[in-house]
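Engineer: Sequence first, then the predicted structure, then my questions.
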Amino acid sequence: MLAMPRCTTCRPRPRHTVERVSETDLPLPAEPTAADRRRWARYIADERAEAAVYRRLARRREGSEREILLQLEEAERRHEQHWIDLLGGEPAKLPKAGLRDRLTGWMAGRFDSVFTLAMAQQAEARSPYDTDPWATPAMRADEKIHHEVVRELAAKSRRKLSGTFRAAVFGANDGLVSNLALVMGIGATGAAPQFVLFSGVAGLLAGALSMGAGEFVSVRSQRELLQATEPSTFAHSSLPDLDIDANELALVFRARGIPADDAMERARRVIAEAHVGRLPKHTTNTDAHEVVGGAFKAAVSSFLLFASGAIIPVLPWLFGMSGWGAVLLALALVGIALGVTGALVGLLSGASPLPRALRQLAIGFGAAAVTYGLGLLFGVDVS
(Lines give C-alpha, C1' and ligand atoms only; values in the text may rest on other atoms or scores of the structure.)
Protein backbone atom coordinates (compact mmCIF):
# COMPACT_ATOMS: atom_id res chain seq x y z
CA MET A 1 0.00 0.00 0.00
CA LEU A 2 1.23 3.46 -0.86
CA ALA A 3 2.18 5.39 2.25
CA MET A 4 0.96 8.94 2.13
CA PRO A 5 3.68 11.58 2.50
CA ARG A 6 2.89 14.27 4.93
CA CYS A 7 1.13 17.18 3.27
CA THR A 8 3.58 20.04 2.82
CA THR A 9 1.03 22.82 2.85
CA CYS A 10 1.67 25.38 5.53
CA ARG A 11 -0.28 28.36 6.74
CA PRO A 12 0.11 31.19 4.20
CA ARG A 13 1.69 34.50 4.92
CA PRO A 14 -0.56 37.58 5.03
CA ARG A 15 -1.70 38.68 1.59
CA HIS A 16 0.62 41.69 1.32
CA THR A 17 3.74 39.60 2.06
CA VAL A 18 3.06 36.55 -0.14
CA GLU A 19 6.35 35.31 -1.56
CA ARG A 20 7.10 33.07 -4.50
CA VAL A 21 7.58 29.49 -3.34
CA SER A 22 9.02 28.26 -6.65
CA GLU A 23 9.54 29.40 -10.21
CA THR A 24 6.56 27.27 -11.27
CA ASP A 25 4.13 29.36 -9.24
CA LEU A 26 1.41 31.18 -11.18
CA PRO A 27 1.45 34.99 -11.50
CA LEU A 28 -0.23 36.48 -8.46
CA PRO A 29 -2.73 39.34 -8.97
CA ALA A 30 -1.99 42.55 -7.14
CA GLU A 31 -5.24 42.47 -5.19
CA PRO A 32 -7.94 39.83 -4.79
CA THR A 33 -11.27 40.64 -6.39
CA ALA A 34 -14.76 40.00 -5.05
CA ALA A 35 -14.92 36.97 -7.37
CA ASP A 36 -11.69 35.67 -5.78
CA ARG A 37 -13.20 35.94 -2.33
CA ARG A 38 -16.37 34.13 -3.37
CA ARG A 39 -14.25 31.39 -4.91
CA TRP A 40 -12.19 31.06 -1.71
CA ALA A 41 -15.39 30.65 0.32
CA ARG A 42 -16.47 27.88 -2.03
CA TYR A 43 -13.05 26.24 -1.63
CA ILE A 44 -13.53 26.26 2.14
CA ALA A 45 -16.88 24.48 1.80
CA ASP A 46 -15.43 21.91 -0.61
CA GLU A 47 -12.34 21.20 1.50
CA ARG A 48 -14.51 20.81 4.58
CA ALA A 49 -16.77 18.35 2.74
CA GLU A 50 -13.78 16.32 1.51
CA ALA A 51 -12.33 16.22 5.02
CA ALA A 52 -15.66 14.88 6.28
CA VAL A 53 -15.56 12.11 3.65
CA TYR A 54 -12.18 10.89 4.88
CA ARG A 55 -13.22 11.16 8.52
CA ARG A 56 -16.35 9.08 7.93
CA LEU A 57 -14.46 6.47 5.93
CA ALA A 58 -11.81 6.26 8.67
CA ARG A 59 -14.49 5.30 11.20
CA ARG A 60 -15.13 2.13 9.19
CA ARG A 61 -11.46 1.14 8.79
CA GLU A 62 -8.73 -0.13 11.06
CA GLY A 63 -4.95 -0.12 11.19
CA SER A 64 -2.89 1.67 8.57
CA GLU A 65 -5.88 2.43 6.31
CA ARG A 66 -7.59 4.30 9.13
CA GLU A 67 -4.39 6.24 9.86
CA ILE A 68 -3.96 7.18 6.19
CA LEU A 69 -7.54 8.41 5.91
CA LEU A 70 -7.17 10.52 9.03
CA GLN A 71 -4.00 12.07 7.61
CA LEU A 72 -5.88 12.90 4.43
CA GLU A 73 -8.53 14.60 6.56
CA GLU A 74 -5.83 16.60 8.32
CA ALA A 75 -4.36 17.70 4.97
CA GLU A 76 -7.76 18.90 3.73
CA ARG A 77 -8.15 20.87 6.96
CA ARG A 78 -4.84 22.61 6.29
CA HIS A 79 -5.99 23.51 2.78
CA GLU A 80 -9.19 24.86 4.26
CA GLN A 81 -7.21 26.99 6.70
CA HIS A 82 -5.19 28.49 3.82
CA TRP A 83 -8.33 30.04 2.33
CA ILE A 84 -9.65 31.13 5.74
CA ASP A 85 -6.40 32.98 6.36
CA LEU A 86 -6.54 34.71 2.98
CA LEU A 87 -10.06 35.86 3.77
CA GLY A 88 -8.95 37.14 7.16
CA GLY A 89 -11.25 34.71 8.97
CA GLU A 90 -14.09 32.32 8.23
CA PRO A 91 -17.04 33.96 6.43
CA ALA A 92 -20.25 34.31 8.36
CA LYS A 93 -22.04 32.26 5.71
CA LEU A 94 -20.43 29.66 3.48
CA PRO A 95 -21.87 28.40 0.20
CA LYS A 96 -22.87 24.76 -0.09
CA ALA A 97 -20.24 22.28 -1.18
CA GLY A 98 -20.55 20.84 -4.66
CA LEU A 99 -23.27 18.26 -5.27
CA ARG A 100 -20.75 15.49 -5.93
CA ASP A 101 -18.88 16.23 -2.69
CA ARG A 102 -22.12 16.17 -0.73
CA LEU A 103 -23.17 12.91 -2.37
CA THR A 104 -19.77 11.37 -1.62
CA GLY A 105 -20.07 12.48 2.00
CA TRP A 106 -23.53 10.94 2.26
CA MET A 107 -22.23 7.65 0.87
CA ALA A 108 -19.16 7.69 3.12
CA GLY A 109 -21.40 7.94 6.18
CA ARG A 110 -23.42 4.88 5.16
CA PHE A 111 -21.34 2.66 2.87
CA ASP A 112 -17.72 1.58 3.03
CA SER A 113 -17.55 0.66 -0.64
CA VAL A 114 -15.15 0.96 -3.54
CA PHE A 115 -17.62 3.33 -5.19
CA THR A 116 -17.25 5.81 -2.34
CA LEU A 117 -13.46 5.72 -2.68
CA ALA A 118 -13.79 6.04 -6.45
CA MET A 119 -15.88 9.19 -6.04
CA ALA A 120 -13.31 10.59 -3.60
CA GLN A 121 -10.60 9.82 -6.15
CA GLN A 122 -12.57 11.74 -8.77
CA ALA A 123 -12.84 14.71 -6.42
CA GLU A 124 -9.07 14.81 -5.97
CA ALA A 125 -8.52 14.53 -9.74
CA ARG A 126 -10.60 17.62 -10.55
CA SER A 127 -8.80 20.03 -8.22
CA PRO A 128 -9.04 23.64 -9.49
CA TYR A 129 -5.78 24.60 -7.79
CA ASP A 130 -3.66 24.00 -10.91
CA THR A 131 -5.04 27.19 -12.45
CA ASP A 132 -5.63 29.24 -9.31
CA PRO A 133 -2.75 31.66 -8.58
CA TRP A 134 -3.76 31.96 -4.91
CA ALA A 135 -3.14 28.25 -4.28
CA THR A 136 0.41 27.34 -3.34
CA PRO A 137 2.49 24.85 -5.37
CA ALA A 138 2.51 22.61 -2.29
CA MET A 139 -1.30 22.52 -2.28
CA ARG A 140 -1.35 21.57 -5.96
CA ALA A 141 1.13 18.78 -5.30
CA ASP A 142 -0.89 17.61 -2.29
CA GLU A 143 -4.03 17.17 -4.37
CA LYS A 144 -2.19 14.99 -6.90
CA ILE A 145 -0.67 12.88 -4.11
CA HIS A 146 -4.10 12.53 -2.48
CA HIS A 147 -5.45 11.20 -5.77
CA GLU A 148 -2.76 8.50 -5.83
CA VAL A 149 -3.32 7.61 -2.18
CA VAL A 150 -7.07 7.15 -2.63
CA ARG A 151 -6.48 5.17 -5.83
CA GLU A 152 -4.22 2.78 -3.92
CA LEU A 153 -6.78 2.43 -1.12
CA ALA A 154 -9.42 1.52 -3.69
CA ALA A 155 -7.15 -0.84 -5.68
CA LYS A 156 -7.65 -3.87 -3.40
CA SER A 157 -11.43 -3.57 -3.52
CA ARG A 158 -11.32 -3.03 -7.29
CA ARG A 159 -9.35 -6.24 -7.77
CA LYS A 160 -11.84 -8.23 -5.68
CA LEU A 161 -14.81 -6.75 -7.50
CA SER A 162 -13.44 -6.73 -11.04
CA GLY A 163 -14.40 -10.29 -12.02
CA THR A 164 -17.90 -10.22 -10.54
CA PHE A 165 -18.57 -6.69 -11.77
CA ARG A 166 -17.33 -7.54 -15.27
CA ALA A 167 -19.69 -10.51 -15.45
CA ALA A 168 -22.62 -8.43 -14.16
CA VAL A 169 -22.06 -5.60 -16.64
CA PHE A 170 -21.45 -8.03 -19.50
CA GLY A 171 -24.59 -10.05 -18.76
CA ALA A 172 -26.91 -7.07 -18.29
CA ASN A 173 -25.52 -5.16 -21.28
CA ASP A 174 -25.74 -8.22 -23.50
CA GLY A 175 -29.41 -8.57 -22.60
CA LEU A 176 -30.09 -4.87 -23.15
CA VAL A 177 -28.36 -4.59 -26.51
CA SER A 178 -29.32 -7.92 -28.05
CA ASN A 179 -33.01 -7.72 -27.15
CA LEU A 180 -33.28 -4.04 -28.08
CA ALA A 181 -31.79 -4.86 -31.47
CA LEU A 182 -34.20 -7.81 -31.80
CA VAL A 183 -37.41 -5.92 -31.02
CA MET A 184 -36.33 -2.92 -33.12
CA GLY A 185 -35.66 -5.18 -36.10
CA ILE A 186 -38.92 -7.11 -35.72
CA GLY A 187 -40.88 -3.92 -35.09
CA ALA A 188 -39.51 -2.29 -38.24
CA THR A 189 -40.92 -5.12 -40.38
CA GLY A 190 -44.43 -3.95 -39.60
CA ALA A 191 -45.17 -6.94 -37.39
CA ALA A 192 -48.12 -6.86 -35.03
CA PRO A 193 -47.42 -5.79 -31.42
CA GLN A 194 -48.19 -9.31 -30.19
CA PHE A 195 -45.52 -10.71 -32.49
CA VAL A 196 -42.97 -8.11 -31.32
CA LEU A 197 -43.76 -9.04 -27.71
CA PHE A 198 -43.45 -12.77 -28.46
CA SER A 199 -40.12 -12.16 -30.22
CA GLY A 200 -38.81 -10.14 -27.28
CA VAL A 201 -39.80 -12.76 -24.70
CA ALA A 202 -38.40 -15.53 -26.87
CA GLY A 203 -35.14 -13.58 -27.28
CA LEU A 204 -34.98 -13.05 -23.52
CA LEU A 205 -35.39 -16.74 -22.74
CA ALA A 206 -33.13 -17.94 -25.54
CA GLY A 207 -30.37 -15.50 -24.65
CA ALA A 208 -30.62 -16.08 -20.89
CA LEU A 209 -30.59 -19.86 -21.30
CA SER A 210 -27.67 -19.63 -23.70
CA MET A 211 -25.74 -17.38 -21.30
CA GLY A 212 -26.47 -19.67 -18.34
CA ALA A 213 -25.55 -22.84 -20.21
CA GLY A 214 -22.41 -21.27 -21.66
CA GLU A 215 -21.28 -20.05 -18.25
CA PHE A 216 -21.95 -23.47 -16.69
CA VAL A 217 -19.90 -25.27 -19.34
CA SER A 218 -17.13 -22.67 -19.20
CA VAL A 219 -16.73 -22.76 -15.41
CA ARG A 220 -17.10 -26.54 -15.18
CA SER A 221 -14.50 -27.04 -17.92
CA GLN A 222 -12.09 -24.66 -16.22
CA ARG A 223 -12.48 -26.45 -12.89
CA GLU A 224 -11.87 -29.80 -14.58
CA LEU A 225 -8.75 -28.47 -16.25
CA LEU A 226 -7.50 -27.15 -12.90
CA GLN A 227 -8.20 -30.51 -11.29
CA ALA A 228 -6.25 -32.28 -14.06
CA THR A 229 -3.16 -30.20 -13.25
CA GLU A 230 -3.13 -31.15 -9.55
CA PRO A 231 -1.16 -34.09 -8.09
CA SER A 232 -3.20 -37.30 -7.99
CA THR A 233 -3.26 -40.40 -5.77
CA PHE A 234 -3.24 -42.82 -8.72
CA ALA A 235 0.16 -44.39 -7.89
CA HIS A 236 0.16 -43.98 -4.09
CA SER A 237 -0.62 -47.64 -3.35
CA SER A 238 2.41 -48.77 -5.38
CA LEU A 239 4.95 -46.53 -3.65
CA PRO A 240 6.22 -49.20 -1.19
CA ASP A 241 7.10 -51.53 -4.13
CA LEU A 242 9.34 -49.02 -5.93
CA ASP A 243 13.06 -49.78 -6.19
CA ILE A 244 14.65 -47.07 -4.11
CA ASP A 245 17.85 -47.23 -6.21
CA ALA A 246 16.22 -47.13 -9.68
CA ASN A 247 13.85 -44.52 -8.41
CA GLU A 248 11.08 -43.88 -10.98
CA LEU A 249 9.29 -41.55 -8.56
CA ALA A 250 12.03 -39.00 -9.08
CA LEU A 251 10.84 -38.64 -12.68
CA VAL A 252 7.48 -37.42 -11.40
CA PHE A 253 9.12 -34.63 -9.42
CA ARG A 254 11.42 -33.77 -12.32
CA ALA A 255 8.35 -33.50 -14.57
CA ARG A 256 7.04 -30.88 -12.13
CA GLY A 257 10.17 -28.78 -12.70
CA ILE A 258 12.20 -29.87 -9.65
CA PRO A 259 15.99 -30.23 -10.29
CA ALA A 260 17.32 -33.80 -10.60
CA ASP A 261 19.18 -33.94 -7.26
CA ASP A 262 16.29 -32.44 -5.32
CA ALA A 263 13.84 -34.73 -7.12
CA MET A 264 15.84 -37.84 -6.15
CA GLU A 265 16.10 -36.71 -2.53
CA ARG A 266 12.38 -36.01 -2.32
CA ALA A 267 11.54 -39.36 -3.95
CA ARG A 268 13.71 -41.28 -1.47
CA ARG A 269 11.99 -39.49 1.41
CA VAL A 270 8.50 -40.25 0.07
CA ILE A 271 9.32 -43.96 -0.47
CA ALA A 272 10.82 -44.25 3.02
CA GLU A 273 7.65 -42.78 4.51
CA ALA A 274 5.49 -45.08 2.35
CA HIS A 275 7.26 -48.14 3.82
CA VAL A 276 6.02 -47.14 7.27
CA GLY A 277 2.50 -46.49 6.02
CA ARG A 278 2.67 -42.72 5.58
CA LEU A 279 1.39 -42.07 2.04
CA PRO A 280 1.48 -38.56 0.56
CA LYS A 281 -1.63 -36.48 1.09
CA HIS A 282 -3.62 -35.21 -1.86
CA THR A 283 -3.80 -31.41 -1.91
CA THR A 284 -6.18 -29.15 -3.82
CA ASN A 285 -5.40 -25.66 -5.06
CA THR A 286 -8.25 -24.08 -3.12
CA ASP A 287 -7.41 -20.50 -4.13
CA ALA A 288 -7.58 -21.33 -7.84
CA HIS A 289 -10.93 -23.08 -7.45
CA GLU A 290 -12.35 -20.13 -5.49
CA VAL A 291 -11.28 -17.70 -8.22
CA VAL A 292 -13.06 -19.77 -10.86
CA GLY A 293 -16.15 -20.14 -8.67
CA GLY A 294 -18.99 -22.64 -8.81
CA ALA A 295 -20.47 -23.65 -12.17
CA PHE A 296 -24.11 -23.72 -11.01
CA LYS A 297 -23.87 -20.35 -9.26
CA ALA A 298 -22.21 -18.78 -12.30
CA ALA A 299 -24.92 -20.20 -14.59
CA VAL A 300 -27.79 -18.87 -12.45
CA SER A 301 -26.13 -15.46 -12.12
CA SER A 302 -25.60 -15.19 -15.89
CA PHE A 303 -29.21 -16.22 -16.57
CA LEU A 304 -30.63 -13.63 -14.16
CA LEU A 305 -28.31 -10.82 -15.24
CA PHE A 306 -29.06 -11.33 -18.93
CA ALA A 307 -32.80 -11.57 -18.25
CA SER A 308 -32.76 -8.40 -16.13
CA GLY A 309 -31.30 -6.48 -19.06
CA ALA A 310 -33.33 -8.18 -21.79
CA ILE A 311 -36.70 -7.49 -20.13
CA ILE A 312 -36.28 -3.71 -20.33
CA PRO A 313 -36.71 -3.32 -24.13
CA VAL A 314 -39.84 -5.52 -23.99
CA LEU A 315 -41.64 -3.56 -21.26
CA PRO A 316 -43.60 -1.18 -23.53
CA TRP A 317 -45.12 -4.08 -25.51
CA LEU A 318 -45.62 -6.07 -22.31
CA PHE A 319 -47.90 -3.28 -21.05
CA GLY A 320 -49.89 -3.13 -24.26
CA MET A 321 -48.18 -0.28 -26.11
CA SER A 322 -47.49 -0.36 -29.84
CA GLY A 323 -46.15 1.73 -32.70
CA TRP A 324 -43.77 4.65 -32.27
CA GLY A 325 -44.79 5.16 -28.66
CA ALA A 326 -43.49 1.70 -27.73
CA VAL A 327 -40.32 2.18 -29.80
CA LEU A 328 -39.46 5.55 -28.23
CA LEU A 329 -40.17 4.34 -24.69
CA ALA A 330 -38.03 1.23 -25.24
CA LEU A 331 -35.18 3.40 -26.51
CA ALA A 332 -35.51 5.73 -23.53
CA LEU A 333 -35.56 2.91 -20.97
CA VAL A 334 -32.61 1.11 -22.55
CA GLY A 335 -30.73 4.40 -22.90
CA ILE A 336 -31.09 5.07 -19.17
CA ALA A 337 -29.95 1.53 -18.31
CA LEU A 338 -26.96 1.69 -20.67
CA GLY A 339 -25.99 5.11 -19.35
CA VAL A 340 -26.12 3.90 -15.74
CA THR A 341 -24.02 0.80 -16.38
CA GLY A 342 -21.50 2.79 -18.40
CA ALA A 343 -21.26 5.44 -15.70
CA LEU A 344 -20.74 2.78 -13.02
CA VAL A 345 -17.91 1.25 -15.05
CA GLY A 346 -16.28 4.67 -15.37
CA LEU A 347 -16.75 5.44 -11.71
CA LEU A 348 -15.34 2.11 -10.57
CA SER A 349 -12.28 2.54 -12.77
CA GLY A 350 -11.63 6.02 -11.35
CA ALA A 351 -12.34 7.71 -14.69
CA SER A 352 -15.01 10.17 -15.73
CA PRO A 353 -18.42 8.44 -15.90
CA LEU A 354 -19.75 10.49 -18.84
CA PRO A 355 -17.50 9.13 -21.63
CA ARG A 356 -18.19 5.55 -20.57
CA ALA A 357 -21.93 6.19 -20.46
CA LEU A 358 -21.84 7.73 -23.95
CA ARG A 359 -19.80 4.77 -25.22
CA GLN A 360 -22.42 2.33 -23.93
CA LEU A 361 -25.20 4.36 -25.54
CA ALA A 362 -23.38 4.47 -28.87
CA ILE A 363 -22.86 0.70 -28.87
CA GLY A 364 -26.45 -0.13 -27.88
CA PHE A 365 -28.18 2.35 -30.16
CA GLY A 366 -25.79 1.55 -33.00
CA ALA A 367 -26.78 -2.12 -32.90
CA ALA A 368 -30.47 -1.20 -32.70
CA ALA A 369 -30.11 1.16 -35.68
CA VAL A 370 -28.57 -1.59 -37.81
CA THR A 371 -31.33 -4.12 -37.11
CA TYR A 372 -34.04 -1.47 -37.45
CA GLY A 373 -32.65 -0.56 -40.87
CA LEU A 374 -32.60 -4.22 -41.89
CA GLY A 375 -36.19 -4.58 -40.69
CA LEU A 376 -37.25 -1.65 -42.85
CA LEU A 377 -35.36 -3.05 -45.82
CA PHE A 378 -36.78 -6.57 -45.63
CA GLY A 379 -40.00 -5.78 -43.79
CA VAL A 380 -43.14 -7.75 -44.32
CA ASP A 381 -46.49 -7.25 -42.74
CA VAL A 382 -47.22 -10.41 -40.73
CA SER A 383 -50.21 -8.94 -38.91
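Structural biologist: Here it is on my side, so go on.

Engineer: count of residues packed around residue 358?
Structural biologist: 15 (other Cβ atoms under 10 Å). Glycine gets a C-beta too; all of them are placed from N, C-alpha and C.

Engineer: wait, doesn't it sit right on residue 345?
Structural biologist: No. Using Cβ atoms under 8 Å as the test, residue 358 is too far from residue 345 to be in contact (11.9 Å).

Engineer: Ramachandran angles for residue 92?
Structural biologist: Per-residue torsions, residue 92: phi -60, psi -30 (degrees, to the nearest 10).

Engineer: name the helices or strands packed onto the helix or strand hosting residue 196?
Structural biologist: Taking DSSP states H and E as the criterion, residue 196 maps to helix 193-228. Secondary-structure packing of helix 193-228 (3 or more Cβ pairs under 8 Å, 6 or more residues apart in numbering; DSSP states H and E): helix 137-188, helix 286-292, helix 295-310, helix 315-318, helix 323-348.

Engineer: Could you give me the buried positions within that helix?
Structural biologist: 193, 195-197, 199-201, 203-204, 207-208, 211-212, 215-216, 219-220, 222-223 (16 or more other Cβ atoms under 10 Å).

Engineer: which residues does residue 62 contact?
Structural biologist: Under the criterion of Cβ atoms under 8 Å, 6 or more residues apart in numbering, residue 62 has no neighbours.

Engineer: from here on, count from 4
Structural biologist: Noted, 4 is the first residue going forward, which turns the last one into residue 65.

Engineer: Relative to residue 129, how far out is it?
Structural biologist: 30 Å (Cβ to Cβ, to the nearest Å).

Engineer: Below-threshold pLDDT in this structure: ranges please.
Structural biologist: 4-33, 112, 114-116, 159-170, 226-227, 229-256, 259, 274-297, 351-354, 382-386 (pLDDT under 70).

Engineer: Mind splitting it into its structural domains?
Structural biologist: 35-162, 163-229+291-380, 234-286 (automatic domain parsing).

Engineer: Any idea how far the second one is from the middle of the chain?
Structural biologist: When you say that, I think you mean domain 163-229+291-380. Domain 163-229+291-380 has its C-alpha centroid displaced from the chain centroid by 19 Å (Cα atoms, centre = their mean, to the nearest Å).

Engineer: Direction-wise, compare the helix holding residue 199 with helix 298-313 and give the angle.
Structural biologist: Orientation of helix 196-231 against helix 298-313 (axes from the mean of the first three to the mean of the last three Cα atoms, to 10 degrees) gives an angle of 150 degrees.

Engineer: so how far is helix 196-231 off the chain centroid?
Structural biologist: 24 Å.

Engineer: could you give the angle of that helix to helix 140-191?
Structural biologist: Using the same axes, to 10 degrees: helix 196-231 against helix 140-191 is 120 degrees.

Engineer: on that earlier part again, let's have the helices and strands packed on helix 196-231 in CSV, adding mean neighbour count.
Structural biologist: Shown next, in CSV, are those (neighbours: other Cβ atoms under 10 Å):
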stretch, mean neighbour count
helix 140-191, 20
helix 289-295, 12
helix 298-313, 20
helix 318-321, 19
helix 326-351, 18
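
Engineer: Tabulate these (TSV), appending distance to residue 60.
Structural biologist: Output for the helices and strands packed on helix 196-231, formatted as TSV (distance: least, Cβ to Cβ, whole Å):
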stretch	distance to residue 60
helix 140-191	9
helix 289-295	28
helix 298-313	29
helix 318-321	38
helix 326-351	16
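
Engineer: ok, residue 316 - how many residues close by?
Structural biologist: Other residues close to residue 316 by other Cβ under 10 Å number 33.

Engineer: quick one: secondary structure of it?
Structural biologist: helix (DSSP: H, G, I helix; E, B strand; the rest coil).

Engineer: which one is it nearest to, not counting chain neighbours?
Structural biologist: residue 183 (4.2 Å; Cβ to Cβ, 6 or more residues apart in numbering).

Engineer: The one you found and residue 333 touch, don't they?
Structural biologist: Yes. Applying Cβ under 8 Å as the test, residue 183 and residue 333 come out as touching, 6.6 Å apart.

Engineer: Overlap of the contact sets of these two?
Structural biologist: Common neighbours of residue 183 and residue 333 (Cβ under 8 Å, 6+ apart) are 315-316.

Engineer: Out of the helices and strands packed on helix 196-231, flag the one nearest residue 99.
Structural biologist: helix 140-191 (20.9 Å; Cβ to Cβ).

Engineer: and the angle from that closest one to helix 326-351?
Structural biologist: Going by the same axes, to 10 degrees, helix 140-191 makes 150 degrees with helix 326-351.

Engineer: tell me what helix 140-191 is packed against?
Structural biologist: Looks like helix 140-191 contacts helix 66-90, helix 117-128, helix 196-231, helix 298-313, helix 326-351, helix 356-380 (3+ Cβ pairs under 8 Å, 6+ apart).

Engineer: residues contacting residue 317?
Structural biologist: Contacts of residue 317 by Cβ under 8 Å, 6+ apart are 182, 186, 200, 203-204, 207, 333.

Engineer: could you redo the last one with a cut-off of 6 Å?
Structural biologist: residue 203 (Cβ atoms under 6 Å, 6 or more residues apart in numbering).

Engineer: Roughly how far does it sit from residue 208?
Structural biologist: 11 Å.

Engineer: Please apply the same query to residue 264.
Structural biologist: 61 Å.

Engineer: doesn't residue 335 make contact with the residue nearest to residue 316?
Structural biologist: No. In this structure, residue 183 is not within contact of residue 335 by Cβ atoms under 6 Å, at 11.3 Å.

Engineer: residues in contact with the residue nearest to residue 316?
Structural biologist: 316, 337, 371.

Engineer: could I get those as CSV with distance to residue 306?
Structural biologist: As requested, those are arranged in CSV below (distance: Cβ to Cβ, whole Å):
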residue, distance to residue 306
316, 18
337, 20
371, 23
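
Engineer: Many thanks, I have nothing further to ask.
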